[in-house]
Every structure is written in C-alpha cells, then in structure tokens.
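Student: Any chance you could fold what I've pasted below:
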Amino acid sequence: MVYDTTSGVICIVVFSISNIGLLISWMMFISKERKFYKRLKEGYYFIEDNYRWRRRRLLMVHPSNIDQTLDIPRIIDPALIIS
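Tutor: Got it, this is the predicted structure:
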C-alpha cells in the first residue's frame, strides 16, 4: 500500500503547530509565576477574587496599603487594590 505524501506533511504541520502552542503556553505560565514570586519578595499581598466565573484571580495589594498593627494584615483602603 502506498501512502500519499500530503497526509504525512499535514500530520507534521499539525504536530508542529500544536507543539508551538504548547511551548508558548508553558512560557506564559513560567513568566506569570516569576512575576508572582517577584511581587511576593517585594512585600505585596494577594487577595483571592472569587467573583470571576470559573477561575480564581489573585489581586495585588501594595505593602503601603496594609495595616499590621495587631499582627493581622488588614487592608487600609479597598479602592487601592491593584487589579
């Protein structure tokens, strides 16, 4: 049985495109993780936003917007939460 060369080319193209998409999504995930841990080291706090549909989102809070007088971090002004 002789196979057509166009089917092989189509398979290679589809495989290559899917691998490129996977690589790009992996790189985006790594960059988000680096940004998150960099902000944690800078002293930012994060609040979980549960009002989004089907996904959780972390909202950044600047360290100057946190009151730690009673050893419990509290937000001073909710309007200053970085979205």
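Student: show me where this structure has helices.
Tutor: Applying DSSP state H to the chain gives helices spanning 5-42.
Student: now Tyr51: how far from Leu70?
Tutor: Counting by CB to CB, to the nearest Å, the gap from Tyr51 to Leu70 is 27 Å. The way it works is simple: take the backbone N, C-alpha and C, and place the C-beta from them, glycine included.
Student: And the pLDDT at the residue nearest to the spatial centre of the chain?
Tutor: With distances taken as CA atoms, centre = their mean, the residue of the chain nearest its centroid is Lys32 (4.4 Å). Here the pLDDT value assigned to Lys32 is 92.
Student: now swap in Met1 and tell me
Tutor: Met1 is given a pLDDT of 53.
Student: Also Ser83?
Tutor: Per-residue pLDDT puts Ser83 at 65.
Student: pLDDT weak spots in this protein?
Tutor: Within the chain, the segments meeting pLDDT under 70 span 1-3, 52, 83.
Student: Give me the domain ranges for it.
Tutor: Here the domain parsing of the chain from automatic domain parsing is 1-32, 43-83.
Student: deepest of the ones you listed, which one?
Tutor: domain 43-83 (a mean of 11; mean count of other CB atoms under 10 Å).
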